[in-house]
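# Prediction below, plus the sequence it came from.
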Amino acid sequence: MSILMLELIGGISTHKEAEIKHEQIKEESEDSISVSKVLEVITRQVKVSGNRTRTIEDYVRHVNHFQTVTKVRCVPNITADNIYYWLDSMAVSNQTKLTRLKCLKAFLSHCFDNRWIEVKFWKSINIKVDQKIKEGATEREVNILLSLLDLNNFVQLRDGVATLLMFRTGIRLNTLTQLEEKHIDTKKNILNLEGSIMRNHQQVKIPFDDTLKRLLDVLIRQDNIVRIEYGKENKFLFVTKYGDRIATSNTHNNIQKRLNKYSKMYGLKNINPHALRRGFVKSLLDKGANVALISKALGYSDIAVTTRYLHLDIDEVASNLRAFIRYNDGFKKNDC
């Protein structure tokens, strides 16, 4: 074989080796930013940042579902078309689609922050959902429930105090289940919510009235009796009839179940944690509190989020506007 042929064969061999090496590097690069590996990294990041377990579980579930449906392997290959295809594959309501889309968008935002994606192409993707006016619990509904409960029964006393506490302070159910005796200052009538039990990790202090104070005092005494009887050691404000913590997970909560039971039993449709929280907001608004103050009381850093709780009936809007118009007319006449 001539020297020239050997050189040609060697050149081809070297070229092939270079191509193989390039493909290996490409595969390794793609693998390093695969959806599954990126999801693992982001999951660790949000855990360290203090995100709730429920939020992290939603990330994992919806991103995995997205990958299963679209077959997209690498993060840089995700496109708007993939997302629309994923959304179209779901046989669920638009509200549910919107919830899942928000999770995927949050995941993609973390990808952008980590520079795995260069453009926020998903920002314009949205799903329109008709906003229904959600009613809040009223003073009358809460009073009816309290009048029907047997407050000499520990479980019903606990449920009654939980209901009134959510209605009077607007705290979330998840925060309520983490309350301990140290969070209740019955001398100053203050609920001292530490950042560690708040969704946004910011401390909030909320005052409460004397009626709630008396009920809290009774509940704390009864809690101690139950814990001693069953040999339990904890300081939770809301416990089971055996002295254990009332909520064992985000999806297993005795208070939630009991309120649903009372709501159906007594025909009180707005006796649930979200309606009680909205009732608190509506009560503050009716008494003249501004949105910034309400936002702070709810534990929100963004006022825009607070406005979701301020859904007003169209007749109520018209009535309020009329009151302002009359005020302005009166001002002008006096001014003349």
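The structure has been received and is ready for your questions. Numbers count the residues shown, from 1 in each chain.

# Can you report how many residues neighbour E233?
7 (other Cβ atoms under 10 Å). Any C-beta I mention is one placed from the backbone N, CA and C, and that applies to glycine too.

# Could you measure from it over to Q178?
For E233, the distance to Q178 (Cβ to Cβ, to the nearest Å) stands at 17 Å.

# I117 against I78, yeah?
Yes - between I117 and I78 there is a contact under Cβ atoms under 8 Å: 7.4 Å.

# Compare the two and say which one has the larger neighbour count.
Taking other Cβ under 10 Å, I117 and I78 do not tie; I78 has more neighbours (24 against 19).

# which stretches of this protein form strands?
Secondary structure of the chain (DSSP state E): strands at 184-185, 190-193, 204-207.

# who wins for proximity to F121 among those?
Of all the strands of the chain, strand 204-207 sits nearest to F121, with 37.4 Å by Cβ to Cβ.

# Check the offset of that closest one from the chain's centre.
20 Å (Cα atoms, centre = their mean, to the nearest Å).

# Please work out which residues outside that strand touch it.
169-171, 189-193, 198, 296-297, 299 (Cβ atoms under 8 Å, 6 or more residues apart in numbering).

# Name the member of these with the most neighbours.
Counting by other Cβ under 10 Å, top hit in the contacts of strand 204-207: I171 with 28 neighbours.

# My guess is that residue contacts L165. True?
Yes - judged on Cβ under 8 Å, I171 makes contact with L165 at a distance of 6.8 Å.

# joint contacts of these two?
L191.

# Quick check: which ranges of the stretch 201-336 of the chain have low pLDDT?
Scanning the stretch 201-336 of the chain for pLDDT under 70 picks out 249-252, 300-336.

# what about the helices in it?
For the stretch 201-336 of the chain, applying DSSP state H, counting those that start in this stretch gives helices covering 210-230, 254-266, 273-286, 291-298, 303-306, 314-335.

# what sits in contact with each of I117 and I78?
In contact with both I117 and I78: L108, using Cβ under 8 Å, 6+ apart.

# what number of residues lie near K182?
K182: 10 neighbours (other Cβ under 10 Å).

# do the same with G279
24.

# Give me the neighbour count for the closest residue in space to L148 that isn't next to it in sequence.
What sits nearest to L148 in space, not counting adjacent residues and going by Cβ to Cβ, 6 or more residues apart in numbering, is Y266, at 5.8 Å. Y266 sits with 15 neighbouring residues when counted by other Cβ under 10 Å.

# Quickly note the distance from Y266 to L101.
37 Å.

# F121 now?
For F121 relative to L101 (Cβ to Cβ), the value is 14 Å.

# Which one's more surrounded, those two?
Neighbour totals were compared for F121 and L101, and L101 leads with 21 against 14 (other Cβ under 10 Å).

# number of nearby residues for the spatially closest residue to the more buried one that is not a sequence neighbour?
In this structure, L101 finds its nearest non-sequential neighbour in I127, 6.1 Å apart by Cβ to Cβ, 6+ apart. By the criterion of other Cβ under 10 Å, I127 has 15 neighbours.

# And the pLDDT for I127?
At I127, the model reports a pLDDT of 90.

# swap in the one 4 residues further on?
Reading off the per-residue confidence, Q131 sits at a pLDDT of 64.

# Roughly how far does the nearest residue to I255 once chain neighbours are set aside sit from V155?
Counting by Cβ to Cβ, 6+ apart, I255 lies nearest to A162, which is 5.1 Å off, once chain neighbours are set aside. A162 is 11 Å from V155, where distance means Cβ to Cβ.

# And for A292?
Distance from A292 to V155, counting by Cβ to Cβ: 38 Å.

# Give me the more crowded residue out of the two.
Set A292 next to V155 and count neighbours by other Cβ under 10 Å: V155 wins out with 13 against 10.

# which residues does that one contact?
Neighbouring residues of V155 by Cβ under 8 Å, 6+ apart: 241, 258.

# From Y85, how far out is it?
Distance from V155 to Y85, by Cβ to Cβ: 49 Å.

# wouldn't the residue nearest to I255 be in contact with R172 here?
No - the pair A162 and R172 does not pass the contact test of Cβ under 8 Å, sitting 11.9 Å apart.

# Comparing those two, which residue is more hemmed in?
Neighbours per residue, other Cβ under 10 Å: of A162 and R172, the larger number sits with A162, 26 against 18.

# Relative to L285, how far out is that one?
23 Å.

# wait, what's in contact with the closest residue in space to K269 that isn't next to it in sequence?
What sits nearest to K269 in space, not counting adjacent residues and going by Cβ to Cβ, 6+ apart, is S263, at 6.4 Å. The contact partners of S263, taken as Cβ under 8 Å, 6+ apart, are 269-272.

# filter those to the buried ones?
270-272 (16 or more other Cβ atoms under 10 Å).

# Between those residues, which sits nearest I144?
For the buried ones among the contacts of S263, the nearest to I144 is I271 (8.9 Å; Cβ to Cβ).

# Good, we can wrap up now.
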